[in-house]
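Peer 1: pasting the structure only:
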């Protein structure tokens, strides 16, 4: 687990914001990923919420220089196997089941599992996880809640995702137990639909400049 933890940390430390993307077609995925990388956001999560998602992961992994692409919304072992086969460098889940943890244990690809309560964090710590996704961040209690976990659950770091925007990202990034945040605001649907890749690169640059 130590080697996989270091691999995951090396990806998440690339930038303060990990784009969380819902991709409808492969062609736009490549252009979108290039725009994000150009703005300084190299680690990219493509969620498995559309029929095009797996092909999008594969295309970004193959065609976008500098991108570290991961698959999100992974819910079971079958999802895991498909995501890894497509070229995911990391895998993200909204929670954790034993089936998913078993699949992750057998793979060299690191998992960023989701947790929203102290008990869930403790259970994942017992499995060897030190880096977790705090989800859904705003709905689960926000930055104040996550700050309250920092002392009793010291040693665990989080990538909060869910309801995070440019306005509140710094509230999370200033916490001692936050390594980065996940957000979809850097790739608005209207800019993707319009093919405004320069606009997305600008948003990515603003996000990449966020500091604690």
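Peer 2: Great, that's in hand. Everything numeric here is computed off the predicted structure, so don't read it as measured data. Residues are numbered from 1 along each chain as shown.

Peer 1: Next, the buried residues of stretch 122-135.
Peer 2: Of all the residues in stretch 122-135, those buried under the rule 16 or more other CB atoms under 10 Å are 124, 129, 131, 132, 133, 134, 135. Using the backbone N, CA and C atoms, a C-beta is placed for each residue, glycine as well.

Peer 1: Can you pull out the low-pLDDT segments for the protein?
Peer 2: Within the chain, the segments meeting pLDDT under 70 span 212.

Peer 1: Please enumerate the strands of it.
Peer 2: Taking DSSP state E, the strands of the chain run over residues 17-21, 43-47, 68-72, 90-92, 111-112, 114-115, 131-134, 157-160, 181-183.

Peer 1: if we can go back for a sec, of the buried residues of stretch 122-135, which is the nearest to residue 201?
Peer 2: Using CB to CB, residue 133 comes nearest to residue 201 of those, at 25.6 Å.

Peer 1: Which residue is the nearest non-sequential neighbour of that closest one?
Peer 2: Counting by CB to CB, 6 or more residues apart in numbering, residue 114 is the residue found nearest to residue 133 once chain neighbours are left out, at 4.3 Å.

Peer 1: Just to check, that neighbour is in contact with residue 131?
Peer 2: No. The pair residue 114 / residue 131 is not scored as a contact, 11.5 Å apart, by CB atoms under 8 Å.

Peer 1: circling back: need the buried residues of stretch 122-135 in TSV with distance to residue 23, can you?
Peer 2: Listed next are these as TSV, based on distance: CB to CB, whole Å:
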residue	distance to residue 23
124	28
129	27
131	24
132	24
133	19
134	24
135	19
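
Peer 1: ok, which stretches of this structure are helices?
Peer 2: Ranges of helices in the chain, per DSSP state H, are 2-12, 26-38, 53-63, 77-85, 98-105, 118-126, 137-140, 142-149, 169-173, 189-194, 197-208.

Peer 1: Make CSV out of the ones you listed and add distance to residue 71.
Peer 2: Shown next, in CSV, are these (distance: least, CB to CB, whole Å):
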stretch, distance to residue 71
helix 2-12, 13
helix 26-38, 12
helix 53-63, 5
helix 77-85, 4
helix 98-105, 12
helix 118-126, 19
helix 137-140, 20
helix 142-149, 24
helix 169-173, 23
helix 189-194, 19
helix 197-208, 20
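
Peer 1: returning to that earlier point: in JSON lines, list the strands of the chain along with distance to residue 83.
Peer 2: Formatted as JSON lines, the strands of the chain follow (distance: least, CB to CB, whole Å):
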{"stretch": "strand 17-21", "distance to residue 83": "14"}
{"stretch": "strand 43-47", "distance to residue 83": "9"}
{"stretch": "strand 68-72", "distance to residue 83": "4"}
{"stretch": "strand 90-92", "distance to residue 83": "6"}
{"stretch": "strand 111-112", "distance to residue 83": "10"}
{"stretch": "strand 114-115", "distance to residue 83": "15"}
{"stretch": "strand 131-134", "distance to residue 83": "15"}
{"stretch": "strand 157-160", "distance to residue 83": "17"}
{"stretch": "strand 181-183", "distance to residue 83": "16"}
